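> predicted model and sequence follow; I will ask about them next.
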Amino acid sequence: MEANYPAQTNKRKTRNLLIGFVVTMALLTFFSATINNISMPAVSAASPMPGTLQKVVSANGAFGSKDSVAVDVDKSCKVGMIPVAVGDSVSAGDTLLLLDTDDLKDQLKTEQDALKKMKNNRKKMSLGYTAQDLTQLEVARDNAKEKYDQAQDDYDAVKAQVQAGTATGEQLEAAKQAVEDAKDDYNIKKNALSHAKTVNSRQKQSNSLDIANMDVDIAAQQKAVDELQALIKNKGKVAAPIDGKVLQINVKEGGLASPSQPVMELIDTSEGLEFHADVSNEDAAIIPDGTQIEILLQGLSKIIPATLREKKDSTAQPGQLTTLYLDAAAADIASAGVQPNQAGDIRYVQQTTNYDTTLPNGAIREDSVGEFVLVAEEKDTPLGKQQFLRRVDITVTDSDPFRSAVSGPLSQRDRVVTDSDKPVDDGDKVRIAS
Amino acid sequence: MNYIIKRRQKACPAERLPRRVPKRYIILGVLLWILAFIFIFPVVMTFADSFMSEEEIAQNYGPIENNGSSEDNGQAYADVKLIPEIVTLDQYYTILKGNTGYLMMFWNSVLLVLPIIIGQVAIGSLAAYAFSMFKFRGRSAVFALYLVTMLMPFQVTLVPNYIMANAMGILGQYISIIFPGIFTTFGVFLLRQFMVHIPRECIEAAKMDGAGHVRIFFRVVMPLCKPALASLLILSFIDNWGMVEQPLIFLKDANMQPLSLYLSKINAGSLGVAFAASALFMLPIILVFLYGENHLVEGIQMTNIKDS
């Protein structure tokens, strides 16, 4: 028995190891699902489906006058006084604001100096022979011609007298000399006139465009000076162009009024109300003019029908937003008690054409390469059937708030990952959450 | 082993041992050591590699995986190492961490092997009792047929077994493998060889005490056959734990396949997993062998000695 003791101990150890191994495998099996769930990313998957998209455009806006008038100033100028406030009713010709006359006078002086300078420059550019100069040269030439003709006649008379013996040869020589002198003088005058005309012709060709531009500038400057003088004479008054209500004042007393921004906006009270709301350019593109859209009036809990009249580039964010203008029936507006600036919400739903492949938006992923989805694929591995993710590049052709229409190598049997509890990527092993 | 040593000590006291060991024993010993090393080395290598990282394994066996690159002129040699650069349990972690597939195959194996070995013991012991204790006409001929069946490779019987399983409507079920496994002739042969040498006096004494065949079988024969039963259990477990052909042919559902088919699914990129899976696959066999080693040796030895 003593000799067998170590063998019995080893046998017991081996038995314990064997039991331990089986128990370990049993425990691992029991907890396998738990470990699986904890360690492996759980993903939700959806199959690509054919279908339509519902494009929803929603926006909030406000009622305003159909016609509002922006009040501008022609010159940048310091604002002296603003005798009106927002909401005030004004009549055409009423004073909306007074510009600072001292500032206007300073500007007038500056403008006048500029005008004077421009005129001097104009004069310099037009240097040459004036019409008066040309006339004088022509007169001088004509006089020289007459003197030359007279000298020629005198010479002929002296020559006849010499032949008759009533005049001497010396007198004939003197008459001949006089003809020569008159002829030289005539030629000089004629050449001077010709030179003047040539000079004027050349200068006219070279400076004609600049001079014309300068004349336009001078006229504009003159107009500016005249306007300033008129404004100063009117004590800097900016008058209301229409009967209406002050909607907005964009300047303050002591501030600067600029031609680039309207100083005030007036509501034309003679016109009705319209609803306007800003939406993205993409959203605006899907709503055709004339579409019936309901307006939910905030605070009033009322809905009034309206029609999209027109779309314009938004003044708030030009190029990015589009303003929708909707007309509602005057009776509806009146019965609902809508006042100017009444806020409201609009919602427009458009059903698209049928697409072959649509996916939930959560399935669409994007990186530097482009848009893609992750497709869960079951593979037979040495460790059993497991789900692996495969990247499939796609192109999103259309989308709504919930789904997107895509084109790419996808079939309706694919299971596209739409959500996961951990970040996942191409090649990852995952489990499909039920 | 202890048993052999014990017997040798009784038969050959230390003072009677010759001082010089004959040369033929030395040569035989060396050859046995070489053979032992050749047989044990793959097992040791499998366990050693199962603790290596996937990168290290790829580095060691990369040439074989790539089947010889052009630079090697098509020749590929593995860098066999038994000591990992860094010991890691990553491969075991990969296999056992929530891997229902591997664990399911393990329990599939258990579900297949346990009924087979229990059935073999039950059927084999009863048949062996009949062959050894009853004298009836044609006994030798029937036993000879048994022996012929045992000598045939089991692949020969696969097709008939398949046809029968199909006819019985059990194809694709575990029972289609368990049934042919239970009715193996090896168990009958092994136990019969053991039972024929049970002293007749023991049986006669039991009969005189009024015991019937059932009581004799359970109270006398089976306790005396413990070594042979242990041998049968161990050998049957080893044989059936590693069966490949039967589940491949009879089981179509991958979820029902045993662990022995796992290695066939290993691809070249998962050598680390393969080593760890192989180690885990061998572990029950080794433990069962070590646990029943004494009985196995004793059972086979006694049977062979008495036969001879």
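Everything's here; your move.

> which helix runs longest in the chain?
With no chain named, the answer covers chain A. If you go by DSSP state H, chain A has its longest helix at helix A:169-233.

> hm, I was asking about chain B
Assigned via DSSP H, chain B shows its longest helix as helix B:100-133.

> what average pLDDT does that helix get?
The pLDDT scores in helix B:100-133 average 90.

> same check, this time on stretch A:301-320
The average of the pLDDT scores along stretch A:301-320 is 85.

> try stretch A:199-219
The model assigns stretch A:199-219 a mean pLDDT of 78.

> hmm, back to that, check which residues of the longest helix of chain B are buried.
For helix B:100-133, the neighbour count (16 or more other C-beta atoms under 10 Å in any protein chain shown) marks B:100-106, B:108-110, B:112-113, B:115-117, B:119-121, B:124-125, B:127-133 as buried. (Each C-beta comes from the backbone N, C-alpha and C, glycine too.)

> hey, where'd the helices end up in the stretch 201-308 of chain B?
Using DSSP state H, counting those that start in this stretch, the helices of the stretch 201-308 of chain B run over B:213-215, B:222-224, B:226-241, B:245-250, B:271-291, B:293-307.

> so what's the residue in the stretch 51-200 of chain A that chain B sits nearest to up against?
Closest residue of the stretch 51-200 of chain A to chain B, C-beta to the nearest C-beta: residue A:51 (35.7 Å). Contacts for residue A:51 (C-beta atoms under 8 Å, 6 or more residues apart in numbering or on different chains) come out as A:354, A:355, A:358, A:403.

> ok, it to residue A:375 distance?
19 Å (C-beta to C-beta, to the nearest Å).

> show me the contacts for the closest residue to residue A:346 other than its chain neighbours.
Nearest residue to residue A:346, sequence neighbours excluded (C-beta to C-beta, 6 or more residues apart in numbering or on different chains): residue A:293, at 5.2 Å. By C-beta under 8 Å, 6+ apart, the residues touching residue A:293 are A:287, A:305, A:306, A:307, A:308, A:326, A:346, A:347, A:348.

> SS state for residue A:293?
Classification of residue A:293 using DSSP: H, G, I helix; E, B strand; the rest coil returns strand.

> need the residues of the stretch 151-300 of chain B near chain A, please.
B:254, B:262, B:265-267, B:270, B:273-274, B:277, B:283-284, B:287-288, B:290-291, B:294 (C-beta under 8 Å from any C-beta of the partner chain).

> among the residues you listed, name the buried ones.
The neighbour count (16+ other C-beta under 10 Å) marks B:262, B:265-266, B:270, B:273-274, B:277, B:284, B:287-288, B:290-291, B:294 as buried among those.

> got those residues as CSV, with pLDDT columns?
Formatted as CSV, those follow (pLDDT from 0 to 100):
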residue, pLDDT
B:262, 82
B:265, 73
B:266, 69
B:270, 75
B:273, 84
B:274, 86
B:277, 88
B:284, 91
B:287, 89
B:288, 88
B:290, 86
B:291, 85
B:294, 78
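
> and the residues you listed, which is closest to residue A:412?
Minimum distance to residue A:412 across these is 29.7 Å, recorded for residue B:265 (C-beta to C-beta).

> re earlier: which of the buried ones among the residues of the stretch 151-300 of chain B next to chain A sits closest to residue A:413?
If you rank these by distance to residue A:413 using C-beta to C-beta, residue B:265 comes first, at 24.3 Å.

> that closest one and residue B:107: what is the separation?
According to C-beta to C-beta, residue B:265 stands 17 Å off from residue B:107.

> of all the helices of the stretch 201-308 of chain B, which one is nearest residue B:93?
That would be helix B:271-291 among these, by C-beta to C-beta, at 8.9 Å.

> any stretches of the stretch 201-350 of chain A with poor pLDDT?
A:269-271 (pLDDT under 70).

> repeat that with 80
The model of the stretch 201-350 of chain A has pLDDT under 80 over residues A:201-212, A:243-245, A:247, A:267-273, A:300-301, A:315-316, A:330, A:334, A:339-341.

> contact residues of it facing chain B?
Counting by C-beta under 8 Å from any C-beta, the stretch 201-350 of chain A has no residue next to chain B.

> spell out the residue ranges of the helices in the stretch 201-350 of chain A.
A:281-285, A:330-336.

> quick one: residues contacting residue A:347.
A:56, A:57, A:58, A:293, A:294, A:296.

> do residue A:351 as well
A:52, A:53, A:54, A:55.

> would the last one count as being in a strand?
So that's residue A:55. Yes. Per three-state DSSP, residue A:55 lies within a strand segment.

> hang on, residue A:328 packs against residue A:308?
No. Contact criterion C-beta atoms under 8 Å: residue A:328 and residue A:308 do not qualify, at 11.1 Å.

> now the common contact residues for those two.
Common contact partners of residue A:328 and residue A:308 (C-beta under 8 Å, 6+ apart): none.

> returning to that earlier point: adding distance to residue A:417, write the helices of the stretch 201-308 of chain B out as JSON lines.
Putting the helices of the stretch 201-308 of chain B into JSON lines (distance: least, C-beta to C-beta, whole Å) gives the following:
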{"stretch": "helix B:213-215", "distance to residue A:417": "65"}
{"stretch": "helix B:222-224", "distance to residue A:417": "61"}
{"stretch": "helix B:226-241", "distance to residue A:417": "40"}
{"stretch": "helix B:245-250", "distance to residue A:417": "35"}
{"stretch": "helix B:271-291", "distance to residue A:417": "26"}
{"stretch": "helix B:293-307", "distance to residue A:417": "53"}
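
> among these, which comes closest to residue B:57?
Closest approach to residue B:57 among the helices of the stretch 201-308 of chain B is made by helix B:271-291 (4.7 Å; C-beta to C-beta).

> could you dump the contacts of residue A:51 into a markdown table and include pLDDT?
Shown next, in a markdown table, are the contacts of residue A:51 (pLDDT from 0 to 100):
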| residue | pLDDT |
| --- | --- |
| A:354 | 91 |
| A:355 | 92 |
| A:358 | 93 |
| A:403 | 89 |
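
> in helices only, show me those residues.
Using DSSP H, none of those sit in helices.

> out of the residues you listed, which are buried?
Buried among those by 16+ other C-beta under 10 Å: A:355, A:358, A:403.

> returning to what we had before: pLDDT check: weakest of the contacts of residue A:351?
In terms of pLDDT, the lowest of those is residue A:55, showing 83.

> which parts of the stretch 1-150 of chain A sit against chain B?
A:3-4, A:6-7, A:10-11, A:14-15, A:17-18, A:21-22, A:25, A:28-29, A:31-40.
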